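1. coords below, sequence missing:
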């Protein structure tokens, strides 16, 4: 819905303020804490004036989520733009970008991956596929180049995504890196992610031990 106000500059500024307020309210308390009246109060609008900008709460939430995923995917694309296709570096860069996005856009991250819907959605329903297609393409190219072993690419994507998402969630909730202080090093989020790479690529098998295949672990 286009704002029904005469000054387009002021309308754009007000719309941006509405979106920011809606994002922050949803990030803080979930969708139950978000109401059109509450957002209007945050930006100094009347309870009816906000409907000049957004038809209803769902339209407002959808716009916030779309903007968030556009920013998220922008981080991912920028991170790998100059890196060779099929390389492990592209996979690492996606992980680094995921962490940067979460730490630099905490409210968006909470909305996108915590409070957008009361029930889980299919990846395809998310704006820009939630970045999944880009992640999957990078995994497939790494397999084809021999940078990582062949397996079901969707399982690999979910495994890697769960790995970096788990780290991010911990970092937003507490300070897990404090447990590593006995090393004498101050480890940032990117440092921790870098240290985990050997575990991700090599697993936790003792050196020289044979690899044990699990059910369903055969290459695709």
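-> On my side now, so go ahead. Quick caveat, the model's predicted, so the values are computed rather than measured.
2. Setting aside sequence neighbours, what's the nearest residue to residue 43?
-> residue 17 (4.5 Å; CB to CB, 6 or more residues apart in numbering). No exception for glycine: its C-beta is placed from N, CA and C like everyone else's.
3. Please report the distance of the one you found from residue 80.
-> 33 Å (CB to CB, to the nearest Å).
4. between the two, who's got more neighbours?
-> A count of neighbours by other CB atoms under 10 Å puts residue 80 above the other of residue 17 and residue 80, at 20 against 16.
5. which non-adjacent residue is nearest that one?
-> Once flanking residues are discounted, residue 80 sits nearest to residue 90: 4.6 Å by CB to CB, 6+ apart.
6. What degree of burial does that neighbour show, as a neighbour count?
-> 23.
7. go on, the one 4 residues further on?
-> Other residues near residue 94 number 24, with proximity taken as other CB under 10 Å.
8. how's the chain carved up into domains?
-> 7-54, 64-220 (automatic domain parsing).
9. Give me the buried stretch members for the worst-scoring helix or strand of the chain on mean pLDDT, please.
-> Lowest on mean pLDDT, DSSP states H and E among the helices and strands of the chain sits helix 189-202, with a mean of 79. Buried residues in helix 189-202, defined by neighbour count with 16 or more other CB atoms under 10 Å: 189, 192-193, 200.
10. Among these, which one lies nearest to residue 153?
-> Closest approach to residue 153 among the buried residues of helix 189-202 (CB to CB): residue 200, at 15.6 Å.
11. Could I get the contacting residues of the closest residue in space to the closest one that isn't next to it in sequence?
-> What sits nearest to residue 200 in space, not counting adjacent residues and going by CB to CB, 6+ apart, is residue 163, at 6.3 Å. Taking CB atoms under 8 Å, 6 or more residues apart in numbering, we find residue 163 in contact with 95, 196, 200.
12. Secondary structure class of residue 15, three-state.
-> Put simply, residue 15 is helix when judged by DSSP: H, G, I helix; E, B strand; the rest coil.
13. Isn't it up against residue 52?
-> No. Taking CB atoms under 8 Å as the definition, residue 15 is not a contact partner of residue 52, at 9.7 Å.
14. confidence score at residue 171?
-> Listed pLDDT for residue 171 reads 82.
15. mind listing what's buried in the helix ranked longest in the chain?
-> Criterion DSSP state H: the longest helix present in the chain is helix 57-80. Of all the residues in helix 57-80, those buried under the rule 16+ other CB under 10 Å are 57, 60-61, 63-65, 67-69, 72-73, 75-76, 79-80.
16. And those residues, which is closest to residue 43?
-> residue 60 (11.8 Å).
17. what residues are up against the closest one?
-> 18-19, 22, 34, 36, 39, 54.
18. Could you rerun that using 6 Å?
-> Contact analysis of residue 60 by CB atoms under 6 Å, 6 or more residues apart in numbering lists 22, 54.
19. Distance check, residue 85 against residue 157.
-> Taking CB to CB as the measure, residue 85 falls 16 Å from residue 157.
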